[in-house]
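Novice: Sequence and predicted structure are below.
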Amino acid sequence: MDLYVNHPVMALESPDWIGTDLKLAGAPAASNDTHVLVRVQPQAALIRVRLFQDHGESIAADPSFTTVFDGSLYLADRRFVIGDVMGESRFINIGGPQRWRVRAAVDDPKGRARAADVVLGAEEWSCAGLTPRGHEQ
């Protein structure tokens with residue numbers, strides 16, 4: 001997908017509003033439970049974004065790219081959005097679980113990124129340590 005951004009921030013997110021408390025503060029990426037912000041090159045050219053869904057094959061980003069985020073993202077309605085912070089967005093319905101592992105890598109982590117690889121994988125979770133209902137102490 002090609003994305004034109006007016007501001008130097010690309011958002012990888014749930015379709016919810018981005019909280020005002022989420023700030024890049026000079027970092028190449030910042031995140032909360034539902035959003036990842038990635039610094040990119042605004043207005044100069046289209047940002048080339050490649051989206052991969054990892055089904056256990058350990059898909060990796062372009063090896064020349066720098067990983068700026070590798071963490072968990074909560075998608076309440078199972079929709080993933082790639083867009084700029086002003087709402088120029090692309091919705092992708094991915095189905096599956098609500099919590100996803102997201103890895104984002106860019107060609108320039110210093111704020112002039114013109115290409116990004118995003119890899120989505122189902123978040124592993126465990127029931128270990130949980131007590132079945134009715135067996136509480």
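Specialist: Received, thanks. Quick caveat, the model's predicted, so the values are computed rather than measured.
Novice: any weak-confidence spans in this structure?
Specialist: Within the chain, the set of residues satisfying pLDDT under 70 comprises 56, 85, 87-89, 91, 124-137.
Novice: Now for residue 74: which residues touch it?
Specialist: 14, 33, 34, 98, 99 (CB atoms under 8 Å, 6 or more residues apart in numbering). In short, each C-beta sits where N, CA and C put it, glycine included.
Novice: In PyMOL, how would I select the buried members of the residues you listed?
Specialist: One line in PyMOL is enough to select the buried ones among the contacts of residue 74; burial here means 16 or more other CB atoms under 10 Å:
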select buried, resi 14+34
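Novice: can you put the contacts of residue 74 in TSV and add secondary structure and distance to residue 6?
Specialist: Converted to TSV, those look like this (DSSP: H, G, I helix; E, B strand; the rest coil; distance: CB to CB, whole Å):
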residue	secondary structure	distance to residue 6
14	coil	22
33	coil	26
34	coil	22
98	coil	30
99	strand	31
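Novice: Might you calculate how far stretch 26-36 sits from the centre of the chain?
Specialist: Chain-centre distance of stretch 26-36: 8 Å, with CA atoms, centre = their mean, to the nearest Å.
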